[in-house]
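Q: here is my input, please return the structure:
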Amino acid sequence: MGAALAFDIITIFPAFFEGPLAAGVVGKAVERGLIEARVHDLRLYADDNYRSVDDYPYGGGVGMVMKAEPFFRAVEEIEARYGRGWRVFLTPQGRPLIMEPCRGMVEREHVILLCGRYKGIDERVRLGLVDEEISIGDFVISGGEIGALAVVDATARLAPGVLGDEDSAATDSFATGILDHPHYTRPRELRGMDVPEVLLSGNHAEIEKWRREQAVRRTRGVRPDLLGEDD
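A: As a prediction, this is how the structure comes out:
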């Protein structure tokens, strides 16, 4: 039996993923066979001796555009081997990466992540290949690789058995619709800053009440939109 969740990442920089996919929660999940993370070099699907994956844009303009054919070939080969996947393109034009699409990807079990570069990607990839477009924020970075890692990490945490404590993901920021509450550990006093007394009280009802209040306060101060208070 294969892993419950599998990622296939298509990129022109496979080495970008070597360290991150072998470290932390994701690395342990891969090692335990709970998820699979396979990286594919887009240049291997080019059709010339130079392994070209980009060309000049029709209509002129600055920058180079990534060609459509290598992406189509890569996806076709991946799906011929592993079955139909949910095809996700990382782009500033996509919908924000929030918990909802991450949960959806866990349920789909097989996710193919397409990493763009240069000025953009041939629109026919979007029209004929992509199921969903995801953005990690209102900013532009050099390519989709960082976004792909964010998707893998955020989604893998939700897969069965990946986190040692099954309740951990359920109490993360955004899991309940708001930000997480403050956390403290030893020592009790540090450089004039004390752990709140309620956390030392042993009164679990009061502790939970404090945590909820602090989470709402933090959310109101940083992300009031999550509370519907962004006016």
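Q: how does the chain divide into domains?
A: 5-156, 173-227 (automatic domain parsing).
Q: rebuild the ones you listed as CSV, extending it with distance to Gly164.
A: The way it works is simple: take the backbone N, C-alpha and C, and place the C-beta from them, glycine included. Below are these laid out as CSV (distance: least, CB to CB, whole Å):
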stretch, distance to Gly164
domain 5-156, 9
domain 173-227, 17
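Q: would you single out the least confident of those domains?
A: With a mean of 92, domain 173-227 has the lowest mean pLDDT of the domains of the chain.
Q: how far does that one sit from its chain's centre?
A: From the chain centre to the centre of domain 173-227 is a distance of 26 Å (CA atoms, centre = their mean, to the nearest Å).
Q: go on, stretch 137-155?
A: The answer for stretch 137-155 is 6 Å, by CA atoms, centre = their mean.
Q: again, but for stretch 129-137
A: 11 Å.
Q: and it, end to end?
A: End-to-end distance for stretch 129-137: 23 Å, by CA to CA, to the nearest Å.
Q: can you give me the helices in this protein?
A: With DSSP state H as the criterion, the chain has helices at 24-31, 68-82, 99-108, 123-128, 145-156, 204-222.
Q: could you identify which of those is most buried?
A: Most buried of these, by mean neighbour count (mean count of other CB atoms under 10 Å): helix 145-156, with a mean of 22.
Q: what residues does that helix touch?
A: Helix 145-156 has contacts (CB atoms under 8 Å, 6 or more residues apart in numbering) with 5, 7, 9, 11, 13, 16-17, 20-21, 24-26, 29, 35, 37, 88, 90, 97, 99, 102, 105-106, 111, 113, 115, 134-136, 141, 162.
Q: and the residues you listed, which are buried?
A: 5, 7, 9, 11, 16-17, 20-21, 26, 29, 35, 37, 88, 90, 97, 99, 102, 105-106, 111, 113, 115, 134-136, 162 (16 or more other CB atoms under 10 Å).
Q: any idea how far Asp8 is from Ile121?
A: Counting by CB to CB, to the nearest Å, the separation of Asp8 from Ile121 is 17 Å.
Q: between the helices of the chain, which one is closest to Arg188.
A: Minimum separation from Arg188 across the helices of the chain (CB to CB) falls at helix 204-222, 15.5 Å.
Q: can you name the residues in contact with stretch 215-231?
A: 176-182.
Q: which two of the residues you listed have the greatest separation?
A: Gly177 and Pro182 (17.9 Å).
Q: closest one of the contacts of stretch 215-231 to Lys209?
A: His181 (10.8 Å).
Q: tell me how far that closest one lies from His204.
A: For His181 relative to His204 (CB to CB), the value is 14 Å.
Q: and Leu34, by the same measure?
A: Counting by CB to CB - Leu34 and His204 are separated by 31 Å.
Q: please apply the same query to Leu97.
A: Applying CB to CB to Leu97 and His204 gives a distance of 34 Å.
Q: before we move on, what about Leu149?
A: 37 Å.
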